[in-house]
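**Student:** Give me a model of this one.
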Amino acid sequence: MPRLSILTPPAPASPPAPAPRPRGVPADPQKFALTVAPSTIDGQGVIAAQAIPARRKIGEVRGESVSLQEAQRRSRGQARIMMIAVSARRAIDASQSTDALRFINHSCRPNASLKLSQGRVEFYAMRDIAVGEELTVNYGETHHQGRLRCRCGVEGCARRL
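**Tutor:** Down below sits the predicted model:
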């Protein structure tokens, strides 16, 4: 006569401990939950997934540090340019970055500001930002030199970048 055996599944293994962060690699640069979604301004945009209080650091955008000449070369013919000049000689190429803030759009009446600090590109809330609101910055001087139409649509828009 066959024997009935009861098989007890093995106890679930505890999840592995997260790998230590390599030396020199910063923790997640985002201080608030952000999502990337279609923008009413242009292409993709950064949306606040939680309320962001005024004057708080929102996060950073990281990328490859390149010369300004290399940034200009890489930008030629690109529909979306994700280069940020951080000095008179260097730029950050965020085109391969996973940071949501690389999708931040321009507005003539922004709700965030961009600050360069020791080669880092940081964003700060200029006022309280509500959940679901698109984050925007004023790009300031750009390589477009007034040739690109501004799409922000706010009252008092400068019309050109």
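
**Student:** Any idea how far apart the tips of stretch 110-128 sit?
**Tutor:** Start and end residues of stretch 110-128 are separated by 12 Å (C-alpha to C-alpha, to the nearest Å).

**Student:** got any ranges where the protein has weak pLDDT?
**Tutor:** For the chain, the stretches with pLDDT under 70 are 1-28, 141-147.

**Student:** Tell me which stretches of it form helices.
**Tutor:** 68-75 (DSSP state H).

**Student:** Any idea which residue is closest to the centre of it?
**Tutor:** The geometric centre of the chain, computed from its C-alpha atoms, lies nearest to residue 101 (C-alpha atoms, centre = their mean), at 1.2 Å.

**Student:** OK, contacts around the residue nearest to that one when sequence neighbours are not counted?
**Tutor:** Leaving aside its sequence neighbours, residue 101 sits nearest to residue 61 (C-beta to C-beta, 6 or more residues apart in numbering; 4.3 Å). Backbone N, C-alpha and C define where each C-beta goes, glycine included. The contact partners of residue 61, by C-beta atoms under 8 Å, 6 or more residues apart in numbering, come to 29, 84, 92, 94, 97, 99, 101, 102, 104, 121, 123.

**Student:** Which residues does residue 61 form beta bridges with?
**Tutor:** residue 121 (DSSP bridges).

**Student:** got it, and residue 129?
**Tutor:** residue 52.

**Student:** neighbours of it, just the number please.
**Tutor:** Using other C-beta atoms under 10 Å, the number of residues around residue 129 comes to 23.
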